[in-house]
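Participant: okay, predicted coordinates and the sequence, questions at the end:
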Amino acid sequence: MEAQSESSTEEIKHLRRCINDLLSILTLPATWTGGTAPRIVGNLLDALVRMLSLDFVYAHLKDPTGGSPAEMVRIRPAWEGNPQPEEIGKRLRAWLENHPDKVSPPVRISFDERDIALVLLPLGLHGDMGIIVAGSERLDFPQQTERLVLHVAANQAAIGLQESRLLSEERRNSSDLKQRVAQRTMELATINDELNKAHAQIIQSEERWRSVFENSAIGVALTDLNGRFIAANPVYQKMLGYTEEELRQLSFLDITVEEHRNLNWALIEELLEGKRRQFQIEKQYRRKNGSTAWVRNSVSVVPGTERVPRFIMALSEDMTEQHEAKGALDKARSDLAQVARISTLNALTASIAHELNQPLSGVITNAGTCTRMLAADPPNVEGARETARRTIRDGNRASEVVTRLRALFTKKETATESVDLNDATREVIALSSGELERNRVIVRTDLAGDLPLVTGDRVQLQQVILNLLRNASDAMSTIDDRPRELVIKTERNESDGVRLSVKDTGVGIDPQIEARLFEAFHTTKDGGMGIGLFVSRSIMERHQGRLWAIRNQGLGATFILAIPCSTNT
């Protein structure tokens, strides 16, 4: 009986240690905010060596830009020789080459005359971010709880590495949002310090763990495997407006808005079939007062024993203010775009009015003069005839203004000249540089040095180039996981003409709308008129040229214009 009691005590201690380790791992991302990939992984390696008493833990990180990979290692203090990451990486390479980037069963290898058990953990989907290798001489390594800690750690590291790539975009939020993020980061760092100080005492006292649970500055909720609440700390209660007793009468699905329930429960089921070790979800909860709150949950299953069943733990952060701030920022950007469109229309109207005003004023003046000459006694027929000729002249001037404006939509010939397409392109780039910089577009040029001149209307050709640049910039406006790169290239084509291409790394061309890409009044942009590409193709056709688009083999799309060379070059 005494032996059974001691066994139960050890099980409880082991479970507490597992909970402690999971809490430590799950709270580590709070210390990674603003950190680089080596810092994130180094911090995680330190924690794993300390928590699991590993002999060593090694990380191989891939460079997302295609550069050389980085290697890191943490060694237990008693390991003699203090081997460097490159040395351990070299020793492991033969083993790693025989193991694909997936979770593999532990194997044992000889390492410096030690019999070491190794566990391979991929970082990201199929190890696209790298791998972590944990090694221990213990014969029972890894135990079930150690496997859980290692897998949760790998998932948290992958999340931290992904978030570090998105950090540059986060820094572009409004100053007020930046202040809140900085303040929140400090709060989470303080919470993390408090939790780390309390972890050593959690192993010895369940009451001490309860104290940390209740005083945490982030929401923590525990549910059974059916989703019914077991416990919720004060922050969680305050966030949703329920008391702990009220929550115990509910499940997490009861307070989840309907459109998020199916996805949430599907993820929970994957967590309980063992398809996932941990997941994050951002969803809406219904507060007790009827309002809704956006909450980011990090959810995992805490393994149990024969005496203590498994339960689900969620660490929750209120994201309502961030969602509201983003909505306000999106509205401000939309309002600014509307102002820009109105401003452009006003400028065009003023230009047309200015060009028409002068000849029309002449027509009115000459018509009045002609009327007075004919009304004279005797009538001044010769003077009236000359005045009528001036009236006709001014009327023709006004007609020419209208003709030039209509030239974009008609097949009539326009005034042409020899145009250096490289110079015309450079002027358009200079004109658009401010907008491109604001949109974080990287412009690269590859302009042929021996490019012949073309014949055409320089302004209209520049209008086509400008429209292609702006469309490419718009196509990359939602891209955050890769550089927004725009490449402009000029070259001779096969038919002794000139080609200009604009290549982007944006969202590409939807096959469903590809056939209608150059139709008038067809647009995928909010607030767009749908005439930009239609007018651009019309201009190229009047220059005996062509304009078309292709989908890139990789990312984005390329728009290409071709135009014959000038006959005098």
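Facilitator: Right, received. Where do you want to start?
Participant: after the helix or strand containing Cys18, next one along is what?
Facilitator: In this assignment (DSSP states H and E), Cys18 forms part of helix 2-27. Using DSSP H and E, the helix or strand that follows helix 2-27 in sequence is helix 29-32.
Participant: list of residues touching that next one?
Facilitator: 39-40, 43, 156, 159-160, 163-164, 185, 188-189, 191-192 (CB atoms under 8 Å, 6 or more residues apart in numbering). For the C-beta atoms, the positions are set from N, CA and C on the backbone; glycine is no exception.
Participant: if we use 7 Å, what do you get?
Facilitator: Residues from elsewhere that reach helix 29-32 (CB atoms under 7 Å, 6 or more residues apart in numbering): Ile40, Asn43, Gln156, Ile159, Gly160, Leu188, Ala189, Ile191, Asn192.
Participant: which residues of the stretch 451-569 of the chain fall in helices?
Facilitator: 458-475, 532-542 (DSSP state H, counting those that start in this stretch).
Participant: mind giving me the packing neighbours of the longest one?
Facilitator: Helices and strands touching helix 458-475, by 3 or more CB pairs under 7 Å, 6 or more residues apart in numbering; DSSP states H and E, are strand 417-419, helix 421-438, strand 497-504, helix 532-542, strand 557-564.
Participant: so which of the ones you listed is nearest Gln460?
Facilitator: helix 532-542 (4.8 Å; CB to CB).
Participant: export the helices of the stretch 451-569 of the chain to JSON lines and tack on mean neighbour count and distance to Ala515?
Facilitator: Converted to JSON lines, these look like this (neighbours: other CB atoms under 10 Å; distance: least, CB to CB, whole Å):
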{"stretch": "helix 458-475", "mean neighbour count": "20", "distance to Ala515": "17"}
{"stretch": "helix 532-542", "mean neighbour count": "20", "distance to Ala515": "13"}
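Participant: least reliable of those helices going by mean pLDDT?
Facilitator: For these, mean pLDDT drops lowest on helix 532-542, to a mean of 79.
Participant: taking helix 458-475 as reference, get the angle to that helix.
Facilitator: Using axes from the mean of the first three to the mean of the last three CA atoms, to 10 degrees, the inter-axis angle of helix 532-542 relative to helix 458-475 is 150 degrees.
Participant: helix 532-542 to strand 557-564, inter-axis angle?
Facilitator: Using the same axes, to 10 degrees: helix 532-542 against strand 557-564 is 20 degrees.
Participant: output helix 532-542 as CSV - backbone C-alpha positions only.
Facilitator: Provided in CSV are the C-alpha atoms of helix 532-542 (Å, rounded to 0.1, in the frame of the first residue of the first chain):
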residue,chain,number,x,y,z
GLY,A,532,-6.6,50.6,-67.7
LEU,A,533,-5.6,47.4,-69.6
PHE,A,534,-8.3,47.9,-72.2
VAL,A,535,-7.0,51.4,-73.0
SER,A,536,-3.4,50.2,-72.9
ARG,A,537,-4.1,47.4,-75.4
SER,A,538,-5.9,49.9,-77.7
ILE,A,539,-2.8,52.2,-77.6
MET,A,540,-0.5,49.3,-78.5
GLU,A,541,-2.7,48.2,-81.4
ARG,A,542,-2.7,51.8,-82.8
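Participant: how close does the closest residue to Arg277 other than its chain neighbours get to Gln144?
Facilitator: Of all residues not flanking Arg277 in the chain, His151 sits nearest, at 4.1 Å (CB to CB, 6 or more residues apart in numbering). As for His151, its distance to Gln144 is 11 Å (criterion: CB to CB, to the nearest Å).
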